[in-house]
Structures are given as C-alpha cells and as structure tokens.
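*Asks:* Coordinates for the following, if possible.
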Amino acid sequence: PIIADSCLNCHNTDRMEGDFSAATFESFVANITPGDPKESHILKLVTGRSQPRMPRGNAGFARESVDIWAAWVEQGAK
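*Replies:* Predicted coordinates:
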C-alpha cells in the first residue's frame with residue numbers, strides 16, 4: 001500500500017518518471033539492496049539522503065512508513 005499510494009502515480013508502465021516503474025515487484029526491487037536499507041537507492045530518495053527527494057511535491061513519507069519500508073528491505077525485501 002505504501003508503494004501503490006505514493007509511487008505509482010508517477011512511476012508506472014505508462015509514465016516512467018526517472019526511467020523507473022514501480023508497477024511490478026521485479027522493477028521495484030531492482031532499486032533495492034536486500035538486507036541493506038542504507039544502501040537501497042529508493043530508500044535514499046525517500047529519506048532525502050539522495051536527490052530528488054521522493055515523492056516530489058509532497059511533504060514526504062510518514063516516519064512510520066519509512067520504518068516499515070526499511071524493515072522490509074532489512075528482512076530481504078521479499
């Protein structure tokens with residue numbers, strides 16, 4: 001739900017902003033480093049450690065959402 005609600009508007013098969021689609025699990029996890037949330041490209045973008053911060057034009061993700069996302073990546077992103 002975090003990905004669907006926040007990423008799919010701009011990162012889908014019809015509109016691949018930044019040449020990235022979050023429409024499939026495979027395309028999404030290609031930008032994740034399973035087991036290492038600090039090195040996962042997408043988490044760097046949503047935490048502001050890399051630019052442009054995502055989601056654009058938004059206040060960002062709630063801390064709870066980032067924590068859930070980071071835990072998922074840390075557990076292997078399965």
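
*Asks:* Quick one: residues contacting F28.
*Replies:* By C-beta atoms under 8 Å, 6 or more residues apart in numbering, the contact list for F28 reads I3, C7, S21, A22, I42. The C-beta positions use only the backbone N, C-alpha and C, and glycine is treated the same way.

*Asks:* out of those, who's nearest N31?
*Replies:* Closest approach to N31 among the contacts of F28 (C-beta to C-beta): I42, at 4.7 Å.

*Asks:* how about the closest one, phi and psi?
*Replies:* With angles defined as degrees, to the nearest 10, I42 sits at phi -60, psi -40.

*Asks:* if we can go back for a sec, export the contacts of F28 to a markdown table and tack on secondary structure?
*Replies:* Below are these laid out as a markdown table (DSSP: H, G, I helix; E, B strand; the rest coil):
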| residue | secondary structure |
| --- | --- |
| I3 | helix |
| C7 | coil |
| S21 | coil |
| A22 | coil |
| I42 | helix |
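
*Asks:* wait, which of these is closest to N58?
*Replies:* Distance to N58 across the contacts of F28 (C-beta to C-beta) is lowest for C7, with 11.0 Å.

*Asks:* So that closest one sits against S21, correct?
*Replies:* No. Using C-beta atoms under 8 Å, C7 makes no contact with S21, being 9.2 Å away.
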